[in-house]
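Peer 1: Got a sequence here, can you build the structure:
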Amino acid sequence: MLFKFAAGTRAIAFLALLLLCGAVAFSAVSCVDDSGTSEADSQIPEISQYEESRETVYAEFEAPAFTVLPLRPEQEDRSPTVDVGLSYGNRALKKLELSAEGGAMLVCGGSVYKNLAVVWENGVMYVDGQPCVKACVRSEAPIALSSTGWSYEGEILLTCGRYGITVVNRVDIEAYVKGVISAEIGADGSYESRKAFSVICRTLVYVAKDHGEDFDLCNRNCCQSYRGTYHRDETNDKAVDETKGMVLTYNGAPCLVAYSSSHGYNSCSSFAAWVGADIPYLRVVRYENEPLDYGGQWEVTYTYEQLSKRLKNYTVTGQVKSVSIAETDPYGSSYVYRINITDTAGNVREIKYGGNIMDVLGIRCANFTIENVSGGIIIHGIGNGHGVGYSQRGGHQLGVEGYSFEDILYFYFPGTAIAPCYDF
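Peer 2: Numbering: from 1, shown residues only. Model prediction:
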C-alpha cells in the first residue's frame, strides 16, 4: 500500500452482543460530517486564456467558485507516511553508516547504537556484523546517511537486494513535502506560490506509481527531488503546514499535477508533450507576465556535421540536410509538436511530441523556433522544462501580483478542486 496510517481510523463502528440463547445486533453508529464546505471566489488574471477544443479559437477563462474542503477533527490525528527509495536497484549500496543528529541514539532490532554500520557481501547484508534480510532503524532525531550526506526524518528501512542494500525512508507525508520543496525550489518564490507548490508536491504522492520494489517513489527528478532535511526553510515549512492535508483533485480523484521551471508565456498541452495523452485540465494557459529568468530564454547552435552525428539514427544517409518545424501544439500553444529531419538523399524522418523532440535535439524545452544559417541551424527557445501544468516562475509572479494559492492552482489546472488527502 502507498500509505500506512500510524493511528486512528474513521470506519463506522458496529457493536454486537452474543447471548447464550441468541444474538442481538445493535444498530450501527454513524459519524455525520456537518462541517460543510467553504467557498472563496477567485478571479483569474484577465491575460489568462485556455482552449475549449483543439481548434485555434480561445475564450477568456473565468474561474468558478473555488472549493476547499476542510479537514474533519478525526483526520487531524492521522499520520500518513510515504516510502521513498534513496538507493535501490543497480544503485544499491555495498556499505552504509548511519548516525543521528545531535548525538541522539539509533534503535534497530531492540538494540541501541551511537553509529550503525551496514555492509553487503556476496549477497548477504550484515547489520552491525549480524546477517539479516531486512532491518528498520529509528531515532528521535533525523538520521544521517553516509551515502548521501543528508539527514532524514522518520525511519530508515534496509533490505538485502540483488545488487546491494536497498535504502528506503519511511517518512510522514508532510515532512516529505517539506523536503521536496527545499530540493525543488529552495528559498525562492512568493509565499502563495510556495503554498500552491506544497499542494502540488503532496498531490503527486497520491498519483505516483510505485517502482515495483520496496518503496512508493524515488528521490530523483523522475518522481520528485527529495533530500530529507537538507536546506529546509522556515518559510517553506510554514507554507506546508498551512496547506496540511490538501491535494488537488479532478472529478473526485487526485490529478496529475505536472510542473516545470517556466513555460515561456504559454503552457504546452499534455497531448503535444506526451505521446497524445489528452488530459482535460492540462491544456493550454497563457500568462504574459511570466519571468524568463532561471534559464527561461536560451539558444542552441548546431552545424549540420554536429546534427548528423546526433541524429544518425534518424536518417538513411547519416548526413542531415535540414531540420524544420512541421507542426506546433494542436491545442494552440507555441510548443513544437512535430519536426521533420531531411537527409542529403531527400529522405524525411518525422519526430512527434515535445518530450521526444527535446531528447532528440538535446534542448531544454519544446517551445522554440529554428533559424537556418550557413552550415547549420540556431534553435531559439523560451521556457525551461516540458511546459505542462504548473510553471514555478509563473506561479511565483502570480503570488507577487497578489493572487492566492487557490487562484494560482486553479489558473494552471482549470476545472480542479482541493480536497483532504485522507479521503483517498
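Peer 1: how's this structure carved up into domains?
Peer 2: 93-160, 175-289+387-423, 297-382 (automatic domain parsing).
Peer 1: Turn these into a markdown table, columns for mean pLDDT.
Peer 2: As requested, the domains of the chain are exported to a markdown table (pLDDT from 0 to 100):
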| stretch | mean pLDDT |
| --- | --- |
| domain 93-160 | 95 |
| domain 175-289+387-423 | 93 |
| domain 297-382 | 96 |
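Peer 1: okay if I get those domains as TSV plus distance to L86?
Peer 2: In this view, the C-beta of every residue, glycine as well, is placed from N, C-alpha and C. Formatted as TSV, the domains of the chain follow (distance: least, Cβ to Cβ, whole Å):
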stretch	distance to L86
domain 93-160	7
domain 175-289+387-423	5
domain 297-382	26
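Peer 1: Just name the most buried of the ones you listed.
Peer 2: domain 175-289+387-423 (a mean of 21; mean count of other Cβ atoms under 10 Å).
Peer 1: What is the end-to-end distance of that one?
Peer 2: Start-to-end span of domain 175-289+387-423 (Cα to Cα, to the nearest Å) is 19 Å.
Peer 1: if we can go back for a sec, wait, which of the domains of the chain is closest to T81?
Peer 2: domain 93-160 (6.8 Å; Cβ to Cβ).
Peer 1: closest to N169 out of the domains of the chain?
Peer 2: domain 93-160 (4.6 Å).
Peer 1: gap between that closest one and the chain center?
Peer 2: 27 Å (Cα atoms, centre = their mean, to the nearest Å).
Peer 1: cool, stretch 187-195 as well?
Peer 2: 16 Å.
Peer 1: how about the strands of the stretch 251-400 of the chain, start to end?
Peer 2: 253-254, 259-260, 297-303, 320-328, 336-343, 348-352, 368-373, 376-382, 390-391 (DSSP state E, counting those that start in this stretch).
Peer 1: between the third one and strand 368-373, how big is the angle?
Peer 2: In this case it means strand 297-303. 40 degrees (axes from the mean of the first three to the mean of the last three Cα atoms, to 10 degrees).
Peer 1: repeat for the fourth one
Peer 2: Direction vectors for strand 320-328 and strand 368-373, defined by the same axes, to 10 degrees, enclose an angle of 150 degrees.
Peer 1: All further residue positions should be reported with the first residue as 26.
Peer 2: Shifting the count to begin at 26 puts that one at strand 345-353.
Peer 1: Sheet partners, orientation included, of strand 345-353?
Peer 2: strand 361-368 (antiparallel) (DSSP bridges).
Peer 1: again, but for the last one
Peer 2: Here strand 415-416 has these sheet partners by DSSP bridges: strand 284-285 (parallel).
Peer 1: Give me the contacts around the partner strand.
Peer 2: Strand 284-285 has contacts (Cβ atoms under 8 Å, 6 or more residues apart in numbering) with 222, 225, 408-417.
Peer 1: quick one: which of those residues sit in helices?
Peer 2: If you go by DSSP state H, the contacts of strand 284-285 have 222, 225, 417 in helices.
Peer 1: Let me have the residues you listed in TSV, extended by distance to D241.
Peer 2: Shown next, in TSV, are the ones in helices among the contacts of strand 284-285 (distance: Cβ to Cβ, whole Å):
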residue	distance to D241
F222	20
I225	17
Q417	24
